[in-house]
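Trainee: The amino acid sequence is not available; the structure is as follows:
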Ligand SMILES: [Zn+2]
């Protein structure tokens, strides 16, 4: 039936539309070359029990990396990893801490680990010690675009700074972005800024409201092994949290009132306040080292911008074999993120099949160790295979929509840079309207996936989200499915291939991705950070960087 209908249709087209018929654009050709069977085959392989949940450094994790590299090679992508291979080394260090924290010279009011504080080493050694004067530095934020500097007039060198989590918008909706969490509110930012200021240590005051999670969540993250990349030497020795009541006691011991200072910290022009005491902090750690790898393949661009690249990536790791749930101990990670990894490979295949080479190259990436804290993408940002200034953007694919076709499209951080405009146009070409996920904004989801490691070094990017308006489904159905995934399968052995998986929605998302990649690949100027973005400065610094 089908060939006949096609022939008829072509006949009517040629008779009614002479000469005028335009051939499809390069972006349309790539979009049309996306193949649901390719996507499904990769997903089902990566999510199979035989891959043992793809944990970093395990046989299953290595098999996944080899598989991705083999696919890149089959497709004819150029190796873009270390020394002519498809692999980039990601060295991982795991430190299990045994810390102590005390007021120097005082016998009263000792601080108890886990009850009152948690503390990590910021070095790679088995013992670090920091002692020094203590200063309350408000929210610990330096944000020129908001005219804000909590370190104003303070020489933090050798000192231990105490800061609040979240940002001042929490107390005053007219400053920063109000209740929408900016990157300045995340604890990772506080640590980075303290390091830039030359501090010896940083302690963050926990409240359930400011952190958006209880003290028990801090404990579960900070008491067991701290898994991260090895750090280059810097000033910062220790970082940790203070439980709210313990912090209040410490402040009164140092002649200050935490409650009053918390209010003062949300006022513009806040000045750092020294506490009349010194802290003695040390962390003894058991150190284990291991290694995993990113997988990198390059589809070369054509023309003067071919040395630059658009990045399309997704993390291939998951949790491996762990505690059994309902008799199943393999954490397959089918949706998270066999789907995204399969999507990256399917996108690569679409470029190859269509033969479309945009002006910029496309770098396809299988990120390692995302679930351990975005480690693969951090390793790429720390040791890029070509200068960061040549990375035009990153399109991250973390969990594809396997629930069916939608009328809308969503992605994180579209307001952060001009990439949002390009992506909105690409979505429109697929008949999709862009919707914003409000919940993701409030939670700061933009700061929790691999594109973000690149944002921190100034490369604008985004991570796909599922739309919510499903074709042929009642309103609210999408949210229901999403909640069900979060409650029943997310990060559990039950995140495995489901008989009802539908690839239509995922194909819609990938078509938007490849259209965006072609548009950015062919536009002379790189996407720009928005004027109000907290990453604009990093973006400007990136473009001024010299070669590696
Ligand atoms: Zn994920």
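Mentor: Sure, I can see it. On a predicted model such as this, the values are computed, not experimentally measured, just so you know.
Trainee: C-alpha only now, for contacts and for neighbours.
Mentor: Fine.
Trainee: Can you name the next helix or strand after whichever strand or helix holds residue 517?
Mentor: Residue 517 belongs to helix 504-522 when assigned by DSSP states H and E. Following helix 504-522 in sequence order, the next helix or strand is helix 536-544 (DSSP H and E).
Trainee: That next one packs against which elements?
Mentor: Contacts defined by 3 or more Cα pairs under 8 Å, 6 or more residues apart in numbering; DSSP states H and E place helix 536-544 against no helix or strand at all.
Trainee: Figure out how far that helix is from the centre of its chain.
Mentor: Relative to its chain's centre, helix 536-544 lies at 19 Å (Cα atoms, centre = their mean, to the nearest Å).
Trainee: What of stretch 244-263?
Mentor: On Cα atoms, centre = their mean, the centre of stretch 244-263 falls 34 Å from that of its chain.
Trainee: What residues sit buried inside it?
Mentor: 244, 246-251, 253-254, 256, 258, 261-262 (16 or more other Cα atoms under 10 Å).
Trainee: Nearest to residue 377, out of those: which one, please.
Mentor: residue 244 (33.2 Å; Cα to Cα).
Trainee: Who's the closest spatial neighbour of the closest one, skipping the chain neighbours?
Mentor: residue 206 (5.4 Å; Cα to Cα, 6 or more residues apart in numbering).
Trainee: got a list of what that neighbour touches?
Mentor: Residue 206 makes contacts with 164, 165, 215, 241, 242, 243, 244, as judged by Cα atoms under 8 Å, 6 or more residues apart in numbering.
Trainee: can you name the two of these that are farthest apart?
Mentor: 164 and 215 (14.2 Å).
Trainee: re earlier: now the helix holding residue 517: average pLDDT?
Mentor: Averaged over helix 504-522, pLDDT sits at 98.
Trainee: From the contact counts, what lies against it?
Mentor: The helices and strands touching helix 504-522, judged by 3+ Cα pairs under 8 Å, 6+ apart, are helix 26-33, strand 309-315, helix 340-354, strand 361-367, strand 391-396, helix 419-429.
Trainee: by how many degrees do that helix and strand 361-367 diverge?
Mentor: Angle of helix 504-522 versus strand 361-367, following axes from the mean of the first three to the mean of the last three Cα atoms, to 10 degrees, is 140 degrees.
Trainee: any idea of the angle helix 504-522 forms with helix 419-429?
Mentor: Using the same axes, to 10 degrees: helix 504-522 against helix 419-429 is 130 degrees.
Trainee: Give me the distance from helix 504-522 to the chain's centre.
Mentor: Per Cα atoms, centre = their mean, the centroid offset for helix 504-522 relative to its chain is 19 Å.
Trainee: Same question for stretch 297-304.
Mentor: 25 Å.
Trainee: Can we start the residue count at 51 from this point?
Mentor: New numbering, starting at 51: the last item is stretch 347-354.
Trainee: and it, how far apart are its ends?
Mentor: Taking Cα to Cα, to the nearest Å, the first and last residues of stretch 347-354 lie 20 Å apart.
Trainee: can you pull out the strands in the stretch 251-400 of the chain?
Mentor: Assigned by DSSP state E, counting those that start in this stretch, the strands in the stretch 251-400 of the chain fall at 251-255, 276-279, 288-292, 323-349, 359-365, 370-375, 378-381.
Trainee: OK, contacts around residue 121?
Mentor: residue 395.
Trainee: Also the one 5 residues further on?
Mentor: Under the criterion of Cα under 8 Å, 6+ apart, the contact list for residue 126 reads residue 402.
Trainee: try the one 5 residues further on
Mentor: When the contact criterion is Cα under 8 Å, 6+ apart, the partners of residue 131 are 137, 138, 344, 345, 346, 347, 435.
Trainee: which of the residues you listed lies closest to residue 411?
Mentor: Distance to residue 411, by Cα to Cα, is smallest for residue 347 among the contacts of residue 131, at 10.3 Å.
Trainee: for that closest one, which residues make a bridge with it?
Mentor: Residue 347 has these beta-bridge partners by DSSP bridges: residue 129, residue 414.
Trainee: Hmm, it is touching residue 124, no?
Mentor: No: using Cα atoms under 8 Å as the test, residue 347 is too far from residue 124 to be in contact (10.9 Å).
Trainee: When the two are compared, which one has more neighbours?
Mentor: residue 347 (27 against 10; other Cα atoms under 10 Å).
Trainee: With the ion as the reference, measure out to that one.
Mentor: Applying Cα to the ion, to the nearest Å, the value for residue 347 to the ion is 20 Å.
Trainee: now do residue 477
Mentor: Between residue 477 and the ion the distance, using Cα to the ion, works out to 23 Å.
Trainee: Enumerate every residue touching that residue.
Mentor: Taking Cα under 8 Å, 6+ apart, we find residue 477 in contact with 459, 483, 484, 562.
Trainee: Just send these back as JSON lines, with neighbour count and secondary structure too.
Mentor: JSON lines is the format used below for these (neighbours: other Cα atoms under 10 Å; DSSP: H, G, I helix; E, B strand; the rest coil):
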{"residue": "459", "neighbour count": "27", "secondary structure": "strand"}
{"residue": "483", "neighbour count": "18", "secondary structure": "strand"}
{"residue": "484", "neighbour count": "20", "secondary structure": "strand"}
{"residue": "562", "neighbour count": "26", "secondary structure": "helix"}
